[in-house]
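Student: Mind looking at a prediction? Sequence and model below.
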Amino acid sequence: MRIGLAGVGRIGAFHAETLKGLDFVEELVLTDADAEAARSVAERLGVDWAPDPASLLASGVDGFVIAAATPAHAGLLRRGVEAGVPTFCEKPVAGTLEETIGLAKLAAGTDVPVHIGFQRRFDTGYQRLAQAVQGGELGFIHSIRAATHDQSPPHASYIPTSGGLFRDCSVHDFDILRFVTGREVVSVYATGANKGEPFFSEAGDVDTAAALLTLDDDTIVLVSATRYNGGGHDVRMEALGSKGAMAVGLDHSLALRSAEQGVDFPTGPQHWSFMERFLPAYRAELVAFADVARGSRPSPCTVEDALQAFRTAEACELSRREGRVVRLEEIETL
């Protein structure tokens, strides 16, 4: 297959290296808003490059991978769909709820497949947890705890365009929550604070946040996120049920130490970034996208799926700002 990729920043270059190593990719073509950056990464990897997305899409690609900065996602996704090219887009689909709804409508009105990049759906731990939860192995689920704790914050320039902590980080928890439980969020109550660099406050964001979610079957969900988890990159989900409990991320890479004497768990080493933590899942989702592009499977994560996760993030941000419970029915949808 001939795959085009737009965006050669941190995640884009990472995806390019991953794609270069996959058997189904016969040719890889890169582009970026900075044409020199695209040329440089392409030369390093020994692949082709194009000066702009229009040239790339016109070059006969079988699939289009969008890994550019968030503000570029919506426009590139529209270009891919309008060109009739199966498209993979990193989350978020767009920077605003209005744009996301518009793209969900666009995707619903076309037969061009679109796959949104929520890589946790391809992590074997989350897949096993989904099986246990939805198969009744744990009985009825009364509580879920989900965490996305980054070891260190991104560069200050990233924060103003990130969408905020709930839309940028916790949105992964909101998506995988739907995947694991098969349920929908009906209400949220959220809060946040800053103890780190002032650039978070200056951008109207927080560096640490938490939310209490209620699902449509009355399951209670506790979600936490931070940019400052010095012990390492910590992504977990715990499902607590009437017949048992199960966790994802509870292995020797856990970024916690026990205060109990004689306990040597975890032994490490810890993960220090999301790319390291989810490398197998990132590979698996790109392999899945190849199947989507070939037409051999439906999209495993649609624009509408991304919209529902974004709506929960939007509700959390509204709750944080207004200090009240927000029901999801208040947030616009299709």
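Tutor: In hand now; what should we look at? Numbering: from 1, shown residues only.
Student: dump the residue contacts of Thr148.
Tutor: Contact analysis of Thr148 by CB atoms under 8 Å, 6 or more residues apart in numbering lists 169-170, 172-173, 224-225, 234-235. For every residue, glycine as well, the C-beta is placed using N, CA and C.
Student: State the distance from it to Ser40.
Tutor: 31 Å (CB to CB, to the nearest Å).
Student: Look through this protein and tell me its longest helix.
Tutor: The helix that spans the most residues within the chain, counting by DSSP state H, is helix 303-322.
Student: Name the next helix or strand following it along the chain.
Tutor: Using DSSP states H and E, the helix or strand that follows helix 303-322 in sequence is strand 326-327.
Student: lowest confidence element among the helices and strands of this structure?
Tutor: Within the chain, no helix or strand scores below helix 274-277, which has a mean of 91 by mean pLDDT, DSSP states H and E.
Student: got a list of contacts for that helix?
Tutor: Looking at helix 274-277 with CB under 8 Å, 6+ apart, the contacting residues turn out to be 11, 14, 150, 233, 235, 253, 271, 282.
Student: Could you double-check that the fifth one lies in contact with His149?
Tutor: When you say that, I think you mean Val235. Yes: Val235 is in contact with His149 according to CB atoms under 8 Å; the separation is 7.2 Å.
Student: Tell me the spacing between the residue nearest to the spatial centre of the chain and Cys301.
Tutor: Centroid-nearest residue in the chain: Phe118, 3.9 Å away (criterion: CA atoms, centre = their mean). Look at Phe118 and Cys301: by CB to CB, they are 5 Å apart.
Student: Please identify every residue contacting each of these two.
Tutor: Jointly contacting Phe118 and Cys301 under the rule CB under 8 Å, 6+ apart are Asp175.
Student: if you look at the contacts of Thr148, which of them are in helices?
Tutor: 172-173.
Student: List only buried entries from the contacts of Thr148.
Tutor: 169-170, 172-173, 224-225, 234-235 (16 or more other CB atoms under 10 Å).
Student: Mind jotting down where the strands sit in the protein?
Tutor: Using DSSP state E, the strands found in the chain span residues 2-6, 27-31, 48-49, 63-66, 87-90, 114-117, 141-149, 185-193, 208-215, 220-226, 234-241, 245-248, 326-327.
Student: Turn those into JSON lines, including mean pLDDT and distance to His73.
Tutor: Below are these laid out as JSON lines (pLDDT from 0 to 100; distance: least, CB to CB, whole Å):
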{"stretch": "strand 2-6", "mean pLDDT": "98", "distance to His73": "10"}
{"stretch": "strand 27-31", "mean pLDDT": "98", "distance to His73": "14"}
{"stretch": "strand 48-49", "mean pLDDT": "96", "distance to His73": "20"}
{"stretch": "strand 63-66", "mean pLDDT": "98", "distance to His73": "6"}
{"stretch": "strand 87-90", "mean pLDDT": "97", "distance to His73": "6"}
{"stretch": "strand 114-117", "mean pLDDT": "98", "distance to His73": "10"}
{"stretch": "strand 141-149", "mean pLDDT": "98", "distance to His73": "20"}
{"stretch": "strand 185-193", "mean pLDDT": "98", "distance to His73": "23"}
{"stretch": "strand 208-215", "mean pLDDT": "98", "distance to His73": "23"}
{"stretch": "strand 220-226", "mean pLDDT": "98", "distance to His73": "21"}
{"stretch": "strand 234-241", "mean pLDDT": "98", "distance to His73": "22"}
{"stretch": "strand 245-248", "mean pLDDT": "98", "distance to His73": "27"}
{"stretch": "strand 326-327", "mean pLDDT": "98", "distance to His73": "25"}
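Student: I am finished for the moment; much appreciated.
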